[in-house]
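S.K.: Next input, structure requested:
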Amino acid sequence: MEPSRIVALDESVAAMDALTLESSNGDAKCSPAVIKKCVFVALSVASAFVFAVGSVRGPTIYIRKTSVVTGNRIVSKGEYAPQRATTENDASAKVPDPPVLRERLVSPFEEIWPTYSLPPWARKAVDYDVPRSQSMCFVHVGKAGGSAVGCSLGFSLHCGESSTQADGVLPKITTGIFHKDVYNCHEDDSTYLFVVRDPIERARSAFNYDRPVKDADDYANVRSRYSHFYEDCQFDTIEVMVHNGLSDHGDASAHCKKLAFQAIRGSTYVAPSHFYYNYQYYYYGVPANSSIVAIRNEYLNEDWNALEENLSGRRDTMMVDSIPKINQNTWSSQDDLYISEESLAVLCKALCNEIQIYKQILFLAQNLNQNQVQASLDALETKCPVEAIAEDCPEAMPDITKKLEENRGYGPEESTS
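M.R.: Residues are numbered from 1 along each chain as shown. This is a model prediction of the structure:
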């Protein structure tokens, strides 16, 4: 991008109050007071943006990340992440069904880690030959409802024989998956598909998922991995962990308080595993020049069907009763999910950076309009009123360079070429 280039927006956004754009070092800046409006304008051109892979594209709009989320995100092809504004919805540009690949190729994961084989759960029963200009990578954020989506996309995961790939183009062009320490996507995939969930609800589910339960089939294995956190520290429920481990007046030992803070921030692999592999990890693990779309857990059918309609013109390919119930925590009671108002405020503060990343993913999702994003933010604000509207947090964003190198395959400034 030329240093002197100024991004031009449609005249229809001129009436939006307090919106300012500057040209500085080649990037478009949003004034902090109106960051949300500016992001929405840049992505949707006053709510008129229509996502369609392969459609006629408008000018590239370069958006610098807000100060909260700079630092560690992987950058492989330049400093700024281009988001493209669609200026025309060309029905003839709908994505056709791709042909089936006749042979299985070496996976991107095996290219990064040549001594390992791609695990069976990350494979698809049918591989399609999809051009990189149309291929999607499925970012499976744990405990966000991603297993149900992943099974519908055709990945093996925990699906079982009763689960089948959904109809439509979306499952066919989603060729790779990024989950925990398995990154099986190409760096030049056109789009990254995130499944996201309210960070508080995700935290509840993640805490209970790895908790040792005596009646469970995998009790011995889970207990051997996580008893130091759940049993030794007596973190029986998320309420107990927050009240005793995270609050200022908690009575957990200094060691257990340290474990609680390390876990909730994802800074160290302590427990639960999905605390460690958090929104920051997945967001920073995605190449910064890639487009993002999102399916919200709370609006799974709506978001899936809207994506499919924009891709192929087909409607209602995902019905409510067709969503598989996969990898759900069936052993938790209501007491296990309870969080008091006092503890909720503590948890929101501890998850502040995670909440900012969650918001950033929503803002950058090309398939979500302003009203859809605002609905998710409003729901979050009822639980975390301070963090939902904050632009930064009391604590700096954790440095996860080492985490990316050990799990993703390379650090934030390294190239995969």
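S.K.: State the mean pLDDT of stretch 214-232.
M.R.: Predicted confidence along stretch 214-232 averages 81 (mean pLDDT).
S.K.: List of residues touching that stretch?
M.R.: Residues outside stretch 214-232 that contact it (Cβ atoms under 8 Å, 6 or more residues apart in numbering): 210-213, 235-236, 256, 259, 263, 270-272, 331. Quick note: C-beta positions are derived from backbone N, CA and C, even for glycine.
S.K.: What residues of it count as buried?
M.R.: Residues of stretch 214-232 classed as buried: 222-223, 225-226, 229-230 (neighbour count, 16 or more other Cβ atoms under 10 Å).
S.K.: Looking at these, spot the one nearest residue 348.
M.R.: residue 229 (21.2 Å; Cβ to Cβ).
S.K.: what's the closest non-adjacent residue to the closest one?
M.R.: Nearest non-adjacent residue to residue 229, counting by Cβ to Cβ, 6 or more residues apart in numbering: residue 271, 3.8 Å away.
S.K.: hmm, back to that, select from the buried residues of stretch 214-232 every entry located in helices.
M.R.: Judged by DSSP state H, the subset of these located in helices is 222-223, 225-226, 229-230.
S.K.: Quick one: those as JSON lines, columns for distance to residue 244 too.
M.R.: Converted to JSON lines, these look like this (distance: Cβ to Cβ, whole Å):
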{"residue": "222", "distance to residue 244": "21"}
{"residue": "223", "distance to residue 244": "20"}
{"residue": "225", "distance to residue 244": "21"}
{"residue": "226", "distance to residue 244": "17"}
{"residue": "229", "distance to residue 244": "12"}
{"residue": "230", "distance to residue 244": "13"}
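S.K.: Return the member of the residues you listed nearest to residue 309.
M.R.: Nearest to residue 309, judged by Cβ to Cβ, of those is residue 222 at 41.1 Å.
S.K.: Which element is encountered next along the chain beyond whichever helix or strand residue 240 is part of?
M.R.: If you go by DSSP states H and E, residue 240 is part of helix 238-240. Where DSSP H and E defines the elements, the next helix or strand beyond helix 238-240 is helix 254-265.
S.K.: buried ones in that next one?
M.R.: Of the residues in helix 254-265, 256-257, 259-265 count as buried by neighbour count, 16+ other Cβ under 10 Å.
S.K.: just checking, what packs against that helix?
M.R.: The contact analysis (3 or more Cβ pairs under 8 Å, 6 or more residues apart in numbering; DSSP states H and E) places helix 254-265 against helix 219-230, helix 273-276, helix 341-350.
S.K.: Among these, which comes closest to residue 283?
M.R.: Between residue 283 and these, the tightest spacing by Cβ to Cβ is seen for helix 273-276, at 14.4 Å.
S.K.: So which elements touch that closest one?
M.R.: The contact analysis (3+ Cβ pairs under 8 Å, 6+ apart) places helix 273-276 against helix 199-209, helix 254-265.
S.K.: Would you mind measuring from the residue lying closest to residue 386 once chain neighbours are set aside to residue 357?
M.R.: Distances taken as Cβ to Cβ, 6+ apart put residue 348 closest to residue 386, at 6.8 Å, once the chain neighbours are dropped. With the distance defined as Cβ to Cβ, to the nearest Å, residue 348 ends up 14 Å from residue 357.
S.K.: Output the below-cut-off pLDDT ranges for the stretch 201-350 of the chain.
M.R.: The model of the stretch 201-350 of the chain has pLDDT under 70 over residues 320-334.
S.K.: same thing but at 50, please
M.R.: 327 (pLDDT under 50).
S.K.: got JSON lines for the helices and strands packed on helix 273-276, with distance to residue 369 too?
M.R.: Below are the helices and strands packed on helix 273-276 laid out as JSON lines (distance: least, Cβ to Cβ, whole Å):
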{"stretch": "helix 199-209", "distance to residue 369": "22"}
{"stretch": "helix 254-265", "distance to residue 369": "32"}
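S.K.: Not including adjacent chain positions, what is the nearest residue to residue 175?
M.R.: Nearest residue to residue 175, sequence neighbours excluded (Cβ to Cβ, 6+ apart): residue 135, at 4.9 Å.
S.K.: about what we covered before: spell out the secondary structure type for the residue nearest to residue 229.
M.R.: Here residue 271 is recorded as coil under DSSP: H, G, I helix; E, B strand; the rest coil.
S.K.: That one touches residue 212, doesn't it?
M.R.: No. With contact defined as Cβ atoms under 8 Å, residue 271 does not reach residue 212; the gap is 10.0 Å.
S.K.: between the two, which one's more packed in?
M.R.: residue 271 (25 against 18; other Cβ atoms under 10 Å).
S.K.: tell me the phi and psi of that one?
M.R.: Phi and psi for residue 271, reported as degrees, to the nearest 10, are phi 160, psi 150.
S.K.: Number the residues from 29 up from this point.
M.R.: Let's use 29 as the start, then, which means that last one is residue 299.
S.K.: I'd like the distance between the nearest residue to residue 371 once chain neighbours are set aside and residue 378.
M.R.: Nearest non-adjacent residue to residue 371, counting by Cβ to Cβ, 6+ apart: residue 270, 4.2 Å away. Using Cβ to Cβ, one gets 8 Å for the distance from residue 270 to residue 378.
S.K.: Could you check which of the two has the larger neighbour count?
M.R.: A count of neighbours by other Cβ under 10 Å puts residue 270 above the other of residue 270 and residue 378, at 25 against 22.
S.K.: now residue 127, nearest residue through space, not along the chain?
M.R.: residue 157 (5.0 Å).
S.K.: Looking at the ones in helices among the buried residues of stretch 242-260, spot the one nearest residue 344.
M.R.: Distance to residue 344, by Cβ to Cβ, is smallest for residue 250 among those, at 39.1 Å.
S.K.: one step back: for the helix holding residue 268, name the packing helices and strands.
M.R.: By 3+ Cβ pairs under 8 Å, 6+ apart, helix 266-268 packs against helix 227-237.
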